[in-house]
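[1] Show me the folded form of this:
(4 chains)
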There are 4 protein chains.
Amino acid sequence: MNDENQRQRLAQAVAKDMYGLDEAARSLAIHIDGVGPGHARARMTVREDMLNSHRICHGGMIFTLADSAFAYACNAENKSTLATTCSISFASAAELGEELSAVAEERMRTGRTGVYDITVRAGDGRMIAVFRGNSYQVKGETVPGLKVPPPSDDA
Amino acid sequence: MNDENQRQRLAQAVAKDMYGLDEAARSLAIHIDGVGPGHARARMTVREDMLNSHRICHGGMIFTLADSAFAYACNAENKSTLATTCSISFASAAELGEELSAVAEERMRTGRTGVYDITVRAGDGRMIAVFRGNSYQVKGETVPGLKVPPPSDDA
Amino acid sequence: MNDENQRQRLAQAVAKDMYGLDEAARSLAIHIDGVGPGHARARMTVREDMLNSHRICHGGMIFTLADSAFAYACNAENKSTLATTCSISFASAAELGEELSAVAEERMRTGRTGVYDITVRAGDGRMIAVFRGNSYQVKGETVPGLKVPPPSDDA
Amino acid sequence: MNDENQRQRLAQAVAKDMYGLDEAARSLAIHIDGVGPGHARARMTVREDMLNSHRICHGGMIFTLADSAFAYACNAENKSTLATTCSISFASAAELGEELSAVAEERMRTGRTGVYDITVRAGDGRMIAVFRGNSYQVKGETVPGLKVPPPSDDA
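    This next block holds a predicted model:
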């Protein structure tokens, strides 16, 4: 048992509690996995109700997927952290039925601010978008009073 | 009857046809109005299924609202136009039940590229977010074969 | 004499002291004027040593001009304020000998963070670039111990 | 001798010719090295005339350094390519006398547009800024008529 293990379990516990309250992610069937210190992954399958007038996935839905990965990555230490400014560049269209995955990684931390890079890819590996999120850590815990769970036998 | 009238009627006709296909906007109950050459307005009421784990409107839903206003503004000439890069800065949280409005205005045009500024406000006038969208005009019409409708008697 | 006058004189006094230390602005012959609460203007003439390999003004020099207007606008209350994230979109090339002006205006303020929009134009009025700066107010004064000067007779 | 070698020699030949015309880079003593397909490195030492009113390196100078690395990386195929939108997030201050290096890498390419990530670090390894540049490939060659030089004996 070391610090890295503890940080990993903390990140997973925060994510679990966040997700329980995250109506938006759940209504879009966004799944969160691969959460750890400074990183997270979010997956979503493009549904009919996510299409725009060009019949491709609405940019806002792709942003929401990436922003979700960002939120779980930057809150992984249970310090309440918000998005300040985010930018997204679109690479190729995502089609109905495709599963998209967004991988978030911390790129920079300085005091209370951070920068995270998120890459969104389709199942065939092609790049859908790159997202960059700037975060700001406010006062308080993301999940107030959360205790780091003890290591499980199979962890 | 002048050119400005014609451009206005074109913008409205494009918007009407776009909206008919725009499943994402409709599923979030985003309403489009105030469409004209280089500008558009989108409105949305924050629903339960738009909340994030902090129980405030998910940033992705706010982005989607702003991005919708952007899309209708930059396609108002019926020249097929896509978002390339967008950025958003968040000002204050939007609460359950609030009606948000996003007003998009063209800020720059040069050749095939454009920049649009979108301001998102709540019903009490406070600023929720500012969004900047970069657009790129590809080949083809947004609504292929669309005819500008004749002026109506009451227009 | 009212508060607005006082804020105006404070902004000008801060700018004067900032400029005295601003080696970078001076070495590029950037002139600052039009400073007031939440706004500032910076001007610069494109010199030979500002050209890039295309023989047009280097984007970095245009950024520096806009960033300077931003810095004077967001420090106008003498609260030490830094740029966190800035973005710039380029509209048209600036040629040797052209005078460029960058006008900065506050667009959003929320707690310690702010968003400023800067528009860079050439002398003939065409748009060169649009810049958006995100600011963060740290502890301390921009110009420590600065006193607001009394109103001059001709102010 | 293979294609990769040829692309590498092309990138270096383009950079050499670009740099000969790049007055802005030379006036700031920006050095370019590590140029190859989709990547480049730029280095600069913070001089007295690069300081802002806080007596740290002006953000515009850091942007210029990063933007230079970006320009050489995205023109490495000798297809004339321009910056459209760039964003920069500042991590820590750079002091007088520090040598900064900016490493640019291609992150996305789709048709005529591209996204490049540039990381600026100080000599002690700490991060100064992250920059993201969006590029657009226009008609024509960066260096018109350039021939790829034959491999040198020691290459």
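[2] who touches the most centrally placed residue in chain A in this structure?
    By CA atoms, centre = their mean, chain A has its centre lying nearest to A:Ala69, at 0.9 Å. Residues in contact with A:Ala69 (CB atoms under 8 Å, 6 or more residues apart in numbering or on different chains) are A:Ile32, A:Ala40, A:Arg41, A:Ala42, A:Ala102, A:Val103, A:Ala104, A:Ile118. Quick note: C-beta positions are derived from backbone N, CA and C, even for glycine.
[3] Which members of those are classed as buried?
    Buried residues within those, counting neighbours by 16 or more other CB atoms under 10 Å in any protein chain shown: A:Ile32, A:Ala40, A:Arg41, A:Ala42, A:Ala102, A:Val103, A:Ala104, A:Ile118.
[4] Please produce JSON lines containing the residues you listed, extended by pLDDT and distance to chain D.
    Output for these, formatted as JSON lines (pLDDT from 0 to 100; distance: CB to the nearest CB, whole Å):
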{"residue": "A:Ile32", "pLDDT": "97", "distance to chain D": "24"}
{"residue": "A:Ala40", "pLDDT": "98", "distance to chain D": "19"}
{"residue": "A:Arg41", "pLDDT": "98", "distance to chain D": "18"}
{"residue": "A:Ala42", "pLDDT": "98", "distance to chain D": "19"}
{"residue": "A:Ala102", "pLDDT": "98", "distance to chain D": "14"}
{"residue": "A:Val103", "pLDDT": "98", "distance to chain D": "13"}
{"residue": "A:Ala104", "pLDDT": "98", "distance to chain D": "15"}
{"residue": "A:Ile118", "pLDDT": "98", "distance to chain D": "12"}
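[5] Return the closest of the residues you listed with respect to chain C.
    A:Ile118 (15.5 Å; CB to the nearest CB).
[6] For the buried ones among the contacts of A:Ala69, give me CSV that also has secondary structure and distance to chain B.
    Below are the buried ones among the contacts of A:Ala69 laid out as CSV (DSSP: H, G, I helix; E, B strand; the rest coil; distance: CB to the nearest CB, whole Å):
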residue, secondary structure, distance to chain B
A:Ile32, strand, 11
A:Ala40, strand, 13
A:Arg41, strand, 16
A:Ala42, strand, 11
A:Ala102, strand, 11
A:Val103, strand, 17
A:Ala104, strand, 14
A:Ile118, strand, 12
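[7] can you name the two of those that are farthest apart?
    A:Ile32 and A:Ile118 (12.9 Å; CB to CB).
[8] what about A:Ser25, how many neighbours?
    Just so we're on the same page, residue A:25 is Ala rather than Ser. 26 (other CB atoms under 10 Å in any protein chain shown).
[9] Can you verify my assumption that A:Ser92 contacts D:Met108?
    No - judged on CB atoms under 8 Å, A:Ser92 makes no contact with D:Met108 at a distance of 9.4 Å.
[10] Please identify which of the two sits among more neighbours.
    D:Met108 (20 against 15).
[11] Okay, and the nearest residue to A:Met50 once chain neighbours are set aside sits in which element?
    Spatial nearest neighbour of A:Met50, excluding adjacent residues (CB to CB, 6 or more residues apart in numbering or on different chains): A:Met61 at 4.3 Å. In this structure, A:Met61 sits in helix A:59-74 according to DSSP states H and E.
[12] where are the low-confidence patches of chain A?
    A:1, A:152-155 (pLDDT under 70).
[13] Get me the contact residues on it for chain B.
    Taking CB under 8 Å from any CB of the partner chain as the contact definition, chain A meets chain B at A:17-27, A:48-55, A:58-61, A:63-65, A:67-68, A:71, A:82-90, A:142.
[14] I'd like to know which of those are buried.
    If we count by 16+ other CB under 10 Å, the residues of chain A next to chain B have these buried: A:17-19, A:22-25, A:27, A:50-54, A:58-61, A:63-65, A:67-68, A:71, A:82-90, A:142.
[15] Near chain D, which residues of chain A are found?
    Counting by CB under 8 Å from any CB, the residues of chain A near chain D are A:87, A:89, A:91-92, A:107-108, A:110, A:115, A:117, A:127, A:130, A:132, A:134.
[16] out of those residues, which are inside strands?
    When DSSP state E defines the strands, the subset of the residues of chain A next to chain D inside them is A:Ser87, A:Ser89, A:Arg107, A:Met108, A:Thr110, A:Val115, A:Asp117, A:Met127, A:Val130, A:Arg132, A:Asn134.
[17] Just the buried ones out of those, please.
    A:Ser87, A:Ser89, A:Arg107, A:Met108, A:Val115, A:Asp117, A:Met127, A:Val130, A:Arg132, A:Asn134.
[18] Looking at strand pairing, list the partners for the fourth one.
    Read it as A:Met108. Taking DSSP bridges as the rule, A:Met108 bridges to A:Val115.
[19] picking that back up, how distant is the helix holding A:Met61 from the center of its chain?
    5 Å (CA atoms, centre = their mean, to the nearest Å).
[20] Then stretch A:20-38?
    The answer for stretch A:20-38 is 7 Å, by CA atoms, centre = their mean.
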